[in-house]
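**Q** Next input, structure requested:
(4 chains)
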Number of protein chains: 2
Amino acid sequence: MSAEIHIATGLAKIGTYLRSESWRQAEGESLTPTQSQILVHVVQRGPARVTALADVLGVTQPTASDAAAALIRKGHVKRRPDPADARASLLHTTSSGRDIAAKMAVWPDALLAAADALDPFERGVFLKALTKMIRSLQVQGAVPVQRMCATCAFFRPNVHNDPVAPHHCAFVDAAFGDAALRLDCGDHETAPASQAAAAWQAFALAGAKSMDAPPAATGEAS
Amino acid sequence: MSAEIHIATGLAKIGTYLRSESWRQAEGESLTPTQSQILVHVVQRGPARVTALADVLGVTQPTASDAAAALIRKGHVKRRPDPADARASLLHTTSSGRDIAAKMAVWPDALLAAADALDPFERGVFLKALTKMIRSLQVQGAVPVQRMCATCAFFRPNVHNDPVAPHHCAFVDAAFGDAALRLDCGDHETAPASQAAAAWQAFALAGAKSMDAPPAATGEAS
DNA sequence: GACATTGCATAGGATTACTATGTAATTATG
DNA sequence: CATAATTACATAGTAATCCTATGCAATGTC
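**A** Numbers count the residues shown, from 1 in each chain, chains lettered A, B, ... in the order given. The predicted structure follows:
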């Protein structure tokens, strides 16, 4: 079936848009996309190693090293030795870095407006589908571990009977639904493999059934 | 509500993956991502102008010009004058270009596998949601016109009672469902603005209702 | 203690990407 | 119809991206 190909096409188009938009946005601060991504990551998540940043950005270590050097030169981050390992260093924010990151750490309005064009039901399904796809990429080793519900020790999928909020987060101790699934949660704690696998079963396989959805609409035109 | 932000986060993560993957794939043919995108476009859609390619790729015209020059140097495309405009030139494929493009024009297996991890119902909703989002980006002027059902003169949304295949394509004269929506169709013909607007109403607003879907699941954890 | 591994920087090279500008051809305007 | 504005494209110049390859120092392993 060709739906997978069209999904890939659509995701690539949005990816193209995000990349070109990141150049436009970064230029205002005389940063580049890679630099601004590193800066925002360090500001939002605290001191980080160069190699860890390279993994997150999906670039090689020398590329991240270059970008980090540029940020240091511009005074937006500082390098300090890592007390846990004398070979490593940690990138820390500076005040100017925090100022700039506050302006960069937002998504383009056009993309948020596009997501807002979905109705609430679609948003929930879309977010759940994104979760499944990213989890799949992660299992395949194509992307690094993500701080998402699917791998979180606090995630309790499908434990409530309420179809609007079937899941539970043991960290904030609250029920929530698909539309509130996190793909990058600050409180994430990686679950042991066995727990993650069990949670994934409960989450993914319940899928359409728990939502009382109609049979699949897979009619093909050609 | 924060679902839009999480959707943007997830799309950006997949975009990051696609970009890093495009570097890995292109290196085998000693091409770069921009070059391979241009090559594939020219092979799949015929001779093209540099400026048109720049629009599609979301880069500036000089960037596309550089990449085109590299492809010409490598012998994968040829430049010929455009008979319709003596200022312009068209990039044409060569035999070596077609050989290489055949290998490049596929999506990474990991991404197709990720899309395959969705159940058929989710795929349909996901593809429809992608269509809505890309259409929204297009209306906002953030991306160029896409060869998608939403803007096609042959698209007849929601004209059949069959919930599996409610839409109709007047080009192939066949019914189809959300899972077969095109985001980059070779037979696309841009509809007049008024027709496109009417079709869009029929397509987007029918949404969840026509699918007999449950009320929105928007429970929030925080 | 020898050896492999890890974290990171640097070197070297091709490409990407930008802005700014120039040239030539087309289109618009008076 | 001649002048002006626009369009298509290339080039120059600069900075960053991104790669592989390599070197160095610290860490872990046996």
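
**Q** In the lengthiest helix in chain A, which residues are buried?
**A** The longest helix of chain A (DSSP state H) is helix A:3-27. Neighbour counts over helix A:3-27 (16 or more other CB atoms under 10 Å in any protein chain shown) mark A:3-22, A:25-26 as buried. Yep, even glycine has a C-beta here, placed from its N, CA and C like the rest.

**Q** Over to stretch A:29-39?
**A** For stretch A:29-39, burial by neighbour count (16+ other CB under 10 Å) applies to A:29, A:31-39.

**Q** so can I have JSON lines of these showing secondary structure, pLDDT and distance to DNA strand C?
**A** Output for the buried residues of stretch A:29-39, formatted as JSON lines (DSSP: H, G, I helix; E, B strand; the rest coil; pLDDT from 0 to 100; distance: CB to the nearest atom of the strand, whole Å):
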{"residue": "A:29", "secondary structure": "coil", "pLDDT": "76", "distance to DNA strand C": "14"}
{"residue": "A:31", "secondary structure": "coil", "pLDDT": "87", "distance to DNA strand C": "12"}
{"residue": "A:32", "secondary structure": "coil", "pLDDT": "90", "distance to DNA strand C": "9"}
{"residue": "A:33", "secondary structure": "helix", "pLDDT": "91", "distance to DNA strand C": "9"}
{"residue": "A:34", "secondary structure": "helix", "pLDDT": "91", "distance to DNA strand C": "11"}
{"residue": "A:35", "secondary structure": "helix", "pLDDT": "91", "distance to DNA strand C": "13"}
{"residue": "A:36", "secondary structure": "helix", "pLDDT": "91", "distance to DNA strand C": "14"}
{"residue": "A:37", "secondary structure": "helix", "pLDDT": "91", "distance to DNA strand C": "14"}
{"residue": "A:38", "secondary structure": "helix", "pLDDT": "92", "distance to DNA strand C": "11"}
{"residue": "A:39", "secondary structure": "helix", "pLDDT": "92", "distance to DNA strand C": "15"}
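
**Q** what about residue A:45, distance to DNA strand C?
**A** According to CB to the nearest atom of the strand, to the nearest Å, residue A:45 stands 15 Å off from DNA strand C.

**Q** confidence score at that residue?
**A** pLDDT, residue A:45: 89.

**Q** Once you drop chain neighbours, what's closest to it?
**A** residue A:186 (7.7 Å; CB to CB, 6 or more residues apart in numbering or on different chains).

**Q** What's the local residue count around that neighbour?
**A** Applying other CB atoms under 10 Å in any protein chain shown, we find 9 residues neighbouring residue A:186.

**Q** wait, does the helix or strand hosting residue A:200 contact chain B?
**A** Assigned by DSSP states H and E, residue A:200 belongs to helix A:193-200. No. Applying CB under 8 Å from any CB of the partner chain, one finds helix A:193-200 separated from chain B by no less than 10.6 Å.

**Q** Show me which residues of that helix are buried.
**A** Residues of helix A:193-200 classed as buried by neighbour count (16+ other CB under 10 Å): A:196, A:199-200.

**Q** Also stretch A:103-115?
**A** Neighbour-count burial for stretch A:103-115 flags A:104, A:107-108, A:110-111, A:113-115 (criterion: 16+ other CB under 10 Å).

**Q** Residue A:48 against residue A:90, yeah?
**A** Yes. Under the contact definition of CB atoms under 8 Å, residue A:48 touches residue A:90, with a separation of 6.5 Å.

**Q** count of residues packed around the residue nearest to residue A:143 when sequence neighbours are not counted?
**A** Spatial nearest neighbour of residue A:143, chain neighbours left out: residue A:137 (4.6 Å); criterion: CB to CB, 6+ apart. Other residues lying near residue A:137 total 23 when counted by other CB under 10 Å.

**Q** Let me know whether residue A:137 touches residue A:148 as I believe.
**A** No. Under the criterion of CB under 8 Å, residue A:137 makes no contact with residue A:148, lying 11.2 Å away.

**Q** what do these two both touch?
**A** Here residue A:137 and residue A:148 share no contacting residue, scored by CB atoms under 8 Å, 6 or more residues apart in numbering or on different chains.

**Q** for chain A, which strand is longest?
**A** Using DSSP state E, we find that the single longest strand of chain A is strand A:85-93.

**Q** Would you check how far apart residue A:17 and residue B:134 are?
**A** Using CB to CB, to the nearest Å, residue A:17 is found at 9 Å from residue B:134.

**Q** which residues are common contacts for those two?
**A** By CB under 8 Å, 6+ apart, residue A:17 and residue B:134 have these common neighbours: residue B:143.

**Q** between the buried residues of helix A:193-200, which is closest to chain B?
**A** Of all the buried residues of helix A:193-200, residue A:200 has the smallest distance to chain B: 10.6 Å, by CB to the nearest CB.

**Q** dump the residue contacts of the closest one.
**A** Counting by CB under 8 Å, 6+ apart, residue A:200 makes contact with A:135, A:150.

**Q** ok, residue A:96 to residue A:90 distance?
**A** In terms of CB to CB, residue A:96 sits 18 Å off from residue A:90.

**Q** That should have said residue A:84, apologies.
**A** Applying CB to CB, the value for residue A:84 to residue A:90 is 9 Å.

**Q** between these two, who's got more neighbours?
**A** Neighbours per residue, other CB under 10 Å: of residue A:84 and residue A:90, the larger number sits with residue A:90, 20 against 8.

**Q** which strand residues sit across from that one in the sheet?
**A** Residue A:90 has these beta-bridge partners by DSSP bridges: residue A:80.

**Q** Please see if the helix or strand that the longest strand of chain A is followed by touches chain B.
**A** As assigned by DSSP H and E, the chain's next helix or strand after strand A:85-93 is helix A:95-104. No. Using CB under 8 Å from any CB, we find that helix A:95-104 stays clear of chain B, coming within 13.0 Å at best.

**Q** Next, the angle helix A:3-27 makes with helix A:95-104.
**A** Angle of helix A:95-104 versus helix A:3-27, following axes from the mean of the first three to the mean of the last three CA atoms, to 10 degrees, is 130 degrees.

**Q** so what does the following helix or strand past helix A:95-104 touch, helix or strand wise?
**A** Tracing the chain C-terminally past helix A:95-104 and defining elements by DSSP H and E, one meets helix A:109-116 next. With contacts taken as 3 or more CB pairs under 8 Å, 6 or more residues apart in numbering or on different chains; DSSP states H and E, helix A:109-116 sits against helix A:3-27, helix B:3-27, helix B:120-139.
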